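Student: model this:
(one chain, ligands or ions: 1)
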Amino acid sequence: MVLVMALTSCGTGTKKPMETPKDQLVHQLFTYAAKGQIAYGHQDDLAYGHNWVVTDWENDPLERSDVKDVTGKYPAVVGFDLGGIELGHAKNLDGVPFGLMRKAAQKHVERGGIVTFSWHPRNPLTGGDAWDISSDQVVKSVLTGGEKHGDFMLWLTRAADFIESLGADVPVIFRPWHENLGSWFWWGKNLCTEQEYQELYRMTWLYFTKDRGLTDIVWCYSPNGPIEPELYMSRYPGDEFVDILGTDIYEYVGADGLEEAGVRFSTEVKSMLTAMNVMATDHHKLMCLSETGLEGIPSPTWWTGVLEPAIREFPISYVLTWRNAHDKPEHFYAAWEGFEHAHDMKAFSELDNIVFLDK
Ligand code: BMA
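Tutor: Here you go, the predicted model:
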């Protein structure tokens, strides 16, 4: 449905006055895919980097970025995580102040960039974190009639309050309940039934969209990959609730070494995106590689030799690599100034089909 609107406005070459911020974002994403372009995204890009962190966000212009230090350009997409907002915390689970996140998101959208939010909320039944899988009753407990439903609606309220606080002209891509076909989060595959998962997603959508009127959200469904194509849709909440099909696929180096890891990753990405392309076409949805990366980037040519060849033939609107933790030296997924293989990320940023922000 949204794609039809995007297609219609695409042909005119002018922005229709009645286009909502969501329509414009969908149009932007659709246009990348239609032109064979892929926007590059980086998690937490404006909050910290490999060896720096914003400490006084209210007085900081939030102009530093590892990606910009290396390539001269900001990533087109910046990702942030809402984990912790549900408890009313001032900072998220990785120490990023929500005030900083709001200011950075607004600035990035003003620059012409795109913002996406993931969410690693704590476990509402046990009090543990998102990775606490000690009970398979958690999703059930937050649905209508469940013992934690009331508490959980407050969690949704706080998340919605934050998104609303970004302002009416800041559309976002939201991808709650991600990596749901693995079993490492409390909403994962072995922790709830298909119906329970779908109800959780729809309940979130309905609360944001209908109760709160937050209609400028592009909803992303992003299971972990690679998985069997049949499995991908087994927990799909339905066309009404999703705008963009994503998947999270990382490269891992095993005993067989770096080269084999690259080959394996490339095969996995291509087979998952091939299957998703069929599903996206059938359901008239956008597509993205919602999370990816090779921790520590030990390969000198990962960007131009592995990542870009794996994704170039697919109409994904964007690809996002994960965060450069400032407090865990080995935990980075984008190059930083001084990193020995930084030149290859710069070469990636100069490719015709890869989009960064020029200003
Ligand atoms: C993981 C790691 C963690 C982090 C979590 C949520 O992949 O980066 O350190 O807490 O994402 O951002």
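
Student: drop to CA atoms for contacts and neighbour counts, all remaining ones
Tutor: Fine.

Student: in the helix ranked longest in the chain, which residues are buried?
Tutor: The single longest helix within the chain, with elements called by DSSP state H, is helix 258-283. Going by neighbour count (16 or more other C-alpha atoms under 10 Å), the buried part of helix 258-283 is 258, 261-262, 265-266, 268-274, 276-277, 279-280, 283.

Student: point out the other elements, helices or strands, that it touches.
Tutor: Secondary-structure packing of helix 258-283 (3 or more C-alpha pairs under 8 Å, 6 or more residues apart in numbering; DSSP states H and E): helix 229-234, strand 244-251, strand 286-294, helix 308-311.

Student: got the angle between that helix and strand 286-294?
Tutor: Here helix 258-283 points in a direction 170 degrees away from that of strand 286-294 (axes from the mean of the first three to the mean of the last three C-alpha atoms, to 10 degrees).

Student: tell me the angle helix 258-283 makes with strand 244-251.
Tutor: Between helix 258-283 and strand 244-251, the angle comes out at 170 degrees (the same axes, to 10 degrees).

Student: what segments of this structure are helices?
Tutor: 2-12, 21-34, 66-71, 98-110, 138-142, 149-165, 194-206, 229-234, 258-283, 302, 308-311, 342-349.

Student: including mean pLDDT, could the ones you listed go into CSV?
Tutor: Shown next, in CSV, are the helices of the chain (pLDDT from 0 to 100):
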stretch, mean pLDDT
helix 2-12, 43
helix 21-34, 98
helix 66-71, 98
helix 98-110, 98
helix 138-142, 98
helix 149-165, 98
helix 194-206, 99
helix 229-234, 95
helix 258-283, 98
helix 302, 98
helix 308-311, 98
helix 342-349, 98
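
Student: Pro176: which of the ones you listed is closest?
Tutor: Closest of these to Pro176 is helix 194-206, at 7.6 Å (criterion: C-alpha to C-alpha).

Student: elements contacting the closest one?
Tutor: Against helix 194-206 (3+ C-alpha pairs under 8 Å, 6+ apart) you get helix 138-142.

Student: from the contact counts, what lies against the helix it packs on?
Tutor: The contact analysis (3+ C-alpha pairs under 8 Å, 6+ apart) places helix 138-142 against helix 149-165, helix 194-206.

Student: centre of the chain versus it, how much separation?
Tutor: Mean C-alpha position of helix 138-142 versus that of the full chain (C-alpha atoms, centre = their mean, to the nearest Å) differs by 24 Å.

Student: for that helix, give me every contacting residue.
Tutor: 123-125, 146-152, 186-187, 191-192, 196-197, 200 (C-alpha atoms under 8 Å, 6 or more residues apart in numbering).

Student: repeat that with 7 Å
Tutor: By C-alpha atoms under 7 Å, 6 or more residues apart in numbering, the residues outside helix 138-142 that reach it are Pro124, Leu125, Gly146, Glu147, Lys148, His149, Phe152, Trp186, Trp187, Cys192, Glu196.

Student: just these now: which is nearest Thr292?
Tutor: Distances from Thr292 to the contacts of helix 138-142, taken by C-alpha to C-alpha, are shortest for Trp187, at 20.5 Å.

Student: does that closest one touch Asn180 like I think?
Tutor: Yes - if you go by C-alpha atoms under 7 Å, Trp187 and Asn180 touch, sitting 6.2 Å apart.

Student: so those two - more neighbours on which side?
Tutor: Between Trp187 and Asn180, counting by other C-alpha atoms under 10 Å, Trp187 is the more crowded of the two (29 against 24).

Student: tell me the pLDDT of that one.
Tutor: If you check Trp187, the pLDDT there is 99.

Student: now do the contacts for it.
Tutor: Here Trp187 is in contact with Val139, Trp177, Asn180, Tyr197 (criterion: C-alpha under 7 Å, 6+ apart).

Student: off-centre distance for the longest helix of the chain?
Tutor: 17 Å.

Student: same deal with stretch 191-201?
Tutor: Taking C-alpha atoms, centre = their mean, one finds the center of stretch 191-201 at 20 Å from the center of the full chain.

Student: what sits up against that stretch?
Tutor: Outside stretch 191-201, the residues within contact range by C-alpha under 7 Å, 6+ apart are Asp136, Val139, Lys140, Leu143, Ser183, Trp187, Ser234, Arg235, Tyr236, Pro237.

Student: now swap in stretch 232-249 and tell me
Tutor: Outside of stretch 232-249, the residues within contact range by C-alpha under 7 Å, 6+ apart are 179, 194, 197-198, 201-202, 205, 218-226, 269, 280, 283, 285-292.

Student: surely Asp66 and Gly49 touch.
Tutor: Yes - with contacts counted by C-alpha under 7 Å, Asp66 reaches Gly49, the gap being 5.6 Å.

Student: same list (the helices and strands packed on helix 138-142) but as CSV, adding distance to Trp119 and mean neighbour count.
Tutor: Below are the helices and strands packed on helix 138-142 laid out as CSV (distance: least, C-alpha to C-alpha, whole Å; neighbours: other C-alpha atoms under 10 Å):
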stretch, distance to Trp119, mean neighbour count
helix 149-165, 9, 18
helix 194-206, 12, 19
